[in-house]
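Asker: got a predicted model here, sequence first, then my questions.
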Amino acid sequence: MASAIASLSSSFQAASSNLLLSNSSRLKIGIERGAATKDDHSYLVGRLLGPKDRFPGFKGTISTIWRVKKGLSVSDAGDHYVFQFDRVSVRNQVFHGGLCHYKNTMLVLGEYDGRGDPAAVPLNLLETWVDVQGLRHLLRNPMALRMVGTGLGRVIRFDPQALKRKEEIQRIRLEFDVRRRIRVWQG
C-alpha cells in the first residue's frame with residue numbers, strides 16, 4: 001500500500017511538473033501572440049441558402065462571378081466558405097456589391113476577422129435594395145415607404161432622388177432575415 005501511494009505521489013509530481021512546463025510555454029506564446037496573429041488579409045464568410053455544391057466547382061467559379069482576377073483564396077469550412085482577400089478594397093467591393101448567386105442559389109456573406117470559428121458568424125441577414133412600384137402619387141413619401149418596408153424587413157434608407165422626384169419606382173434599402181419567407185406582391 002505504501003508503494004502504491006509513493007507511486008501515485010511520484011506520478012502526481014511528474015504530471016504537475018509537465019503542467020508547469022506547459023504553462024510556461026503558454027505564457028511565452030502569450031507574449032509573442034501579437035506577431036503570431038498578425039495577418040495582412042481581410043476575410044468574409046459565406047453560406048449558400050440552398051444545397052451546398054461541390055467545392056472545386058464553387059471555388060473556381062466564385063472569382064469569376066465577383067470579377068476578382070487575383071488575391072482571393074477560398075476555403076471550405078463545413079456549411080460555410082471562408083474568403084480571404086489580399087486587398088481590403090476588393091473585399092469591400094464584394095461585400096457591398098449587392099446580391100450574389102451561384103447556380104440559382106443565393107450566397108449570404110458576413111464579416112469575419114479570420115480568428116474565430118466561421119460557423120459562429122451569423123449569416124441570417126441580407127441587405128438589398130427593393131423596388132416598390134404601383135404606389136399612388138400621394139403615397140410616395142418616407143412614411144408610406146417605411147410602412148411598406150417594415151412589412152418586409154428592417155428599413156435602412158430610401159433612395160433620396162426617387163423620393164424627391166416622386167418617381168413611379170421607389171427604392172428602399174432593407175435588411176431581410178433569410179430564415180423568414182418573403183412575400184412578393186405583383187399587381
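Answerer: Arrived safely, thanks for sending. Just so it is clear, the model here is predicted, and its values are computed rather than measured. Numbering: from 1, shown residues only.
Asker: correct me if wrong, but residue 95 is in a helix.
Answerer: Yes - counting by DSSP: H, G, I helix; E, B strand; the rest coil, residue 95 is located in a helix.
Asker: from residue 131, how far off is it?
Answerer: According to C-beta to C-beta, to the nearest Å, residue 95 and residue 131 sit 22 Å apart. (Each C-beta comes from the backbone N, C-alpha and C, glycine too.)
Asker: so which of the two has more stuff around it?
Answerer: Legend: neighbour count by other C-beta atoms under 10 Å for residue 95 and residue 131, higher for residue 95 (18 against 11).
Asker: any chance of the backbone angles for the residue nearest to residue 177 when sequence neighbours are not counted?
Answerer: Spatial nearest neighbour of residue 177, excluding adjacent residues (C-beta to C-beta, 6 or more residues apart in numbering): residue 124 at 5.7 Å. Torsion angles at residue 124 (phi, psi; degrees, to the nearest 10) stand at phi -110, psi -10.
Asker: make sure residue 124 is actually in contact with residue 179.
Answerer: Yes - contact status for residue 124 versus residue 179: in contact at 5.6 Å, counting by C-beta atoms under 8 Å.
Asker: more neighbours: the two, which one.
Answerer: residue 124 (12 against 8).
Asker: residues contacting the more buried one?
Answerer: Listed by C-beta atoms under 8 Å, 6 or more residues apart in numbering, the contact set of residue 124 reads 108, 177, 178, 179.
Asker: now these in JSON lines, with pLDDT, secondary structure and distance to residue 114?
Answerer: Shown next, in JSON lines, are these (pLDDT from 0 to 100; DSSP: H, G, I helix; E, B strand; the rest coil; distance: C-beta to C-beta, whole Å):
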{"residue": "108", "pLDDT": "91", "secondary structure": "strand", "distance to residue 114": "18"}
{"residue": "177", "pLDDT": "89", "secondary structure": "strand", "distance to residue 114": "26"}
{"residue": "178", "pLDDT": "86", "secondary structure": "coil", "distance to residue 114": "24"}
{"residue": "179", "pLDDT": "85", "secondary structure": "coil", "distance to residue 114": "26"}
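Asker: and the nearest residue to residue 76 once chain neighbours are set aside, backbone torsions?
Answerer: Spatially, and ignoring its direct neighbours in sequence, residue 76 is nearest to residue 55 (4.7 Å; C-beta to C-beta, 6+ apart). The phi/psi pair for residue 55 (degrees, to the nearest 10) reads phi -60, psi -50.
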